[in-house]
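> only geometry, no sequence info:
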């Protein structure tokens, strides 16, 4: 008989085959095993009994004597079986070999957390638990010295320099460890290691880790992917008695925490959830009878952020009719029955957006197979980031209006009796809020508090993805009383919730909701424990911000005219009063000036004015002739650049391509010179100074273009060889007023051509600067999305090829702008030169402020002067400055 058969024979089976069939037969004959849902149904009838027993365990028994000692028991050990009571001496003696137990002390009204160290427990090393004969110092009681308070949840550590912090799986402990002082004793770190404690340092160690906690962390890291920081954070929370448990335990703890152990009634919707302690809640932290009538309405308003999360998916349950819900609708997730009735009657209308396309609009009907819920959506307070109880809903297809309507109405109805104003921030509020009132009126399951006005807004990050008009109409900067908030705080709340969403994907529907409820409740609890410090810091920033803003506002007021200030204040007041019914009234905050004209617009302007100018004061058709000459100059610049980039040894094909371009350019120049006599007269034939001039590039710009703060890995094969140019057309000076000179033009009687040339050069400068801005932005985006992400040499080569292509266009437009500015100098347009400045090397860097203007750490970053050149107007007019002062003077009362 083999050892396998011998093993089965011990249980009365002749072979494993017989054991298998016997067990299968016994399974058929025995009654069905109860499922988890059967257990939960039985639990529903026992909840109150277990809750009563849980509360009784919080207090001491009627007889507080210990079975071994007749003395009064004042210490309870929560780690010993049955949580017995001990007197001080017995507690210290019994736990001499188990110093990691958790104890609490009876204060006369409740059990308060304490530690074994505080009652005099010492851990002696080196002498089998007995004190070392070489010890000289004595223990001093630390009860009166106070506890060491750390940031976050309270940890009962002892504030004594002689204690050692020991990290164990049970919690973090402060222990009085007494080292052996004998002559042949090991060093302190070795004594700790010999005892089973791993020291955190090797000289005077003050922190140690048990071998058990190190092994437990390794398993957690391997199986669960837990980081060291998260694991230590878990131990801190265990120490502070905050720890999540399984479903029935989770329910009974919530009932206890929210006071239902003393109230013999069923909790209502959302009553097993915590909410923000700082948001106004009548009857909780606000007495409506104490409100002063002179206080502004926004002072007692509710601010909400609405958003959806598509990470919290849920699969269809295998047997939905057999599921048991313990806290249906009592936490943050809404109750099933009423929500499903609302969905069955709500009209699923696809609204056509008159703003930009947004994900929340486009994916409103995006369904996924095998998913009961494609995500969740809900509300949180905009200022402090606390989830609103009973306002989280499941998505069936996508982020549809019918889902968000129900969540918003539930949030606005939570503890808001008497509040008459609410701010709501939603990514697509410009579309969502249009017909909100109509949808609420048509649904019997949607309702808003009587008399409440809803002021819509869009978060400061998402509003920049909308049309320009949405910024002044919905950004929080322009909403009275919205405070300094970004309206995007809910994005930060989804991040920790997304960690557990994958594990909840396959849970039963009630279990998933209870799990999400507990996570959101814990998030609100952690904010409550830290909100005092948070509000104190915000208040200090607000005080300083008000002072700075007031100082700047006063300085602007001093420089503006009284009539203008009165007008602007009236416009602002009217806009704020009317914004609820007409969001376009906020358009007064938009800048009301025209953009800088292009060269084609300037040419069209000159052609339209020819008919109104007296005969003989302007040369008809000169605008088109001048524009064609400016275009030929730009062709010359492009040809010069390409010729200089041929290198020292150009190929025959390269030479031939340049020769073809030169021949074509020569023909265009000949035609231009032939027509020139029509506008400049016969004086041009006797003017031979142009023959001694040559067309040159601005060599100071060659090295500046294409340089970047981010291209440190740029190849070294881009040297620009300065070789003599052998081709004549690109170096020929074209007979334009800017080349002839204003004095000579005046002598020839063609001074009107100088004015037309100036206007066209201004348009040319605007076109060149626009192209420079576009190409710098393209280059910055290429560095951020293509060059940095290249994982191979092939991808890197292709990425740099795209960058070099952009550099080529950037170089061309920089040379065109430089040439244009020199021509403006020749034309005597000094007034324009203050607007069109010299291009510096630093101005042409591809900065990340362009590629990602919302990135962190760039609030104080500035762009080059030409990024704002298109902001309407020039230095010859005060319209732009007046508009700036107007914009700054409008009294938008946004408080810090």
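It's in. None of the values given here were measured: they were computed from a predicted structure.
> shouldn't residue 85 be in contact with residue 74?
Yes: using CB atoms under 8 Å, residue 85 is in contact with residue 74, at 7.3 Å. Every residue, glycine included, has its C-beta placed from N, CA and C.
> Look at these two and report which has more neighbours.
residue 85 (24 against 19; other CB atoms under 10 Å).
> Quick check: closest non-adjacent residue to that one.
Spatial nearest neighbour of residue 85, chain neighbours left out: residue 73 (2.9 Å); criterion: CB to CB, 6 or more residues apart in numbering.
> now swap in residue 165 and tell me
Distance criterion CB to CB, 6+ apart; nearest residue to residue 165, sequence neighbours excluded, is residue 207 at 4.6 Å.
> ok, the one you found - contacts?
Each residue near residue 207 by CB atoms under 8 Å, 6 or more residues apart in numbering is listed here: 164, 165, 166, 167, 199, 200, 201.
> Please spell out the ChimeraX selection for the buried subset of those residues.
Restricted to buried positions by 16 or more other CB atoms under 10 Å, the ChimeraX selection for the contacts of residue 207 reads:
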select :164,165,166,167,199
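> Narrow the contacts of residue 207 to those in strands?
Members of the contacts of residue 207 lying in strands (criterion: DSSP state E): 164, 165, 166, 167, 199.
> Out of these, which is nearest to residue 304?
residue 167 (41.1 Å; CB to CB).
> what's the distance between the closest one and residue 498?
29 Å (CB to CB, to the nearest Å).
> try residue 670
With distances taken as CB to CB, residue 670 is found 70 Å from residue 498.
> ditto for residue 836
Separation of residue 836 from residue 498 (CB to CB): 50 Å.
> Quick check on those two: which one has the bigger neighbour count.
residue 836 (23 against 13).
> List the contacts of that one.
Contacts of residue 836 (CB under 8 Å, 6+ apart): 762, 765, 769, 817, 820, 821, 824, 869.
> what does residue 489 give?
305, 380, 382, 385.
> The last one: what secondary structure?
Classification of residue 385 by DSSP: H, G, I helix; E, B strand; the rest coil places it in coil.
> Could you report the pLDDT at the closest residue to it other than its chain neighbours?
Nearest non-adjacent residue to residue 385, counting by CB to CB, 6+ apart: residue 489, 4.3 Å away. The model reports residue 489 with a pLDDT of 90.
> What separation is there between residue 489 and residue 333?
20 Å.
> Likewise for residue 548?
According to CB to CB, residue 548 stands 43 Å off from residue 333.
> neighbour-wise, which of those two wins?
Using other CB under 10 Å as the criterion, residue 548 and residue 333 rank with residue 333 on top: 30 against 11.
> Now the phi/psi pair for the more buried one, please.
When quoted as degrees, to the nearest 10, the phi and psi of residue 333 stand at phi -70, psi 140.
> how about it, what does it touch?
Residue 333 is in contact with 376, 390, 392, 393, 394, 513, 516, 517, counting by CB under 8 Å, 6+ apart.
> Grab the nearest non-local neighbour of the second one.
If the residues on either side of it in the chain are set aside, residue 390 comes closest to residue 270, at 3.4 Å by CB to CB, 6+ apart.
> got the contact list for that neighbour?
So residue 270 contacts 329, 330, 331, 332, 389, 390, 391, 414 (CB under 8 Å, 6+ apart).
> give me that answer again for 7 Å
Going by CB atoms under 7 Å, 6 or more residues apart in numbering, residue 270 touches 330, 389, 390, 414.
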